[in-house]
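**Q** Provide a 3D model corresponding to the input given below.
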Amino acid sequence: MLDPRFLVLKEALVSYASRAHDPPTDRHTGTQAAVSVIVRGRAELDLLLIKRAHHETDPWSGQMALPGGRWERGDDSLLDTAMRETAEETGVDLATDVHLGRLPNVHPNSPRLPHVTIQPFVFGVSSETRARAASEEVEAVHWVSLRHLRDPATAGEVEIEVEGSPTTFPGLRVDGEVVWGLTYRILRSFLDLYPHAASQKQGPTGTS
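**A** Just a heads-up that it's a prediction; the model follows:
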């Protein structure tokens with residue numbers, strides 16, 4: 001049975017329904033990517049984040065992130081990219097789960113980062129869904145309650161060292177880690193869009 005809170009979320013995402021369901025991929029430059037915003041239907045809804053492993057060639061090395069990655073030529077769409085990358089990184093198969101919609105795409109603000117367009121897709125998954133660090137690119141996975149993410153005490157300014165200089169950014173503190181940058185902007189968009197009532201605990205009739 002579909003968690004009724006997912007229907008609330010799907011309705012909240014309907015403002016993007018008039019746009020293309022899946023933006024066209026750029027088959028020449030390969031500068032497009034997709035990430036998955038995965039909401040799990042437990043008594044208290046939670047959301048999946050990953051911590052990226054440390055790699056010298058990864059511009060987002062060691063950061064908290066959403067599962068996802070670059071579009072590849074074998075992907076029929078960016079939605080396929082999000083699902084494939086999620087399975088590769090976390091072991092979560094989204095093929096049988098509910099695609100609820102998408103959020104506005106984002107781009108890195110820093111000229112130091114690759115020029116890439118990132119499309120976030122939103123999914124609802126069952127309470128039994130488990131995730132794991134399924135790739136060498138992922139150090140750990142974290143399920144974080146929406147209540148915690150919405151808590152004003154979780155948000156604030158974080159200091160990140162950029163090219164040897166400490167720089168202040170808006171961010172979220174989660175499980176002893178810091179969420180900032182692109183992931184923070186996507187989560188902020190999601191949390192601002194999602195009605196507060198839908199993130200509360202369900203009563204006896206809800207999914208547990």
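**Q** Give the residue spans of the protein that score low on pLDDT.
**A** Residue ranges of the chain with pLDDT under 70: 16-30, 58-61, 163, 196-208.
**Q** in it, which spans are helices?
**A** With DSSP state H as the criterion, the chain has helices at 4-12, 78-90, 146-150, 181-193.
**Q** if I look at Leu78, how far off is Ala87?
**A** 15 Å (Cβ to Cβ, to the nearest Å). Using the backbone N, CA and C atoms, a C-beta is placed for each residue, glycine as well.
**Q** hang on, I meant Arg102
**A** 18 Å.
**Q** if we can go back for a sec, show me the one of the helices of the chain that comes nearest Ala34.
**A** Smallest distance to Ala34 across these (Cβ to Cβ): 3.8 Å, for helix 78-90.
**Q** Same list (the helices of the chain) but as a markdown table, adding mean neighbour count and distance to Arg173.
**A** Formatted as a markdown table, the entries for the helices of the chain read as follows, by neighbours: other Cβ atoms under 10 Å; distance: least, Cβ to Cβ, whole Å:
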| stretch | mean neighbour count | distance to Arg173 |
| --- | --- | --- |
| helix 4-12 | 17 | 24 |
| helix 78-90 | 23 | 22 |
| helix 146-150 | 18 | 10 |
| helix 181-193 | 19 | 11 |
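**Q** Between the ones you listed, which one is closest to Leu49.
**A** Among the helices of the chain, helix 181-193 comes nearest to Leu49, with 7.5 Å by Cβ to Cβ.
**Q** Against which helices or strands is the closest one packed?
**A** Packed against helix 181-193 by the contact rule (3 or more Cβ pairs under 8 Å, 6 or more residues apart in numbering; DSSP states H and E) you find strand 32-40, strand 64-65, strand 117-125, helix 146-150, strand 165-174.
**Q** And the contacts of that helix?
**A** Helix 181-193 is contacted by residues 12-13, 35, 37, 47, 49, 60, 63-66, 103-104, 106, 108, 118, 120, 122, 146, 149-150, 169-172, 179 when judged by Cβ atoms under 8 Å, 6 or more residues apart in numbering.
**Q** What's the ChimeraX line that selects buried ones from these?
**A** Listed next is the ChimeraX selection for buried residues among the contacts of helix 181-193, using 16 or more other Cβ atoms under 10 Å:
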select :12,13,35,37,47,49,60,63,64,65,66,103,106,108,118,120,122,146,149,150,171,172,179
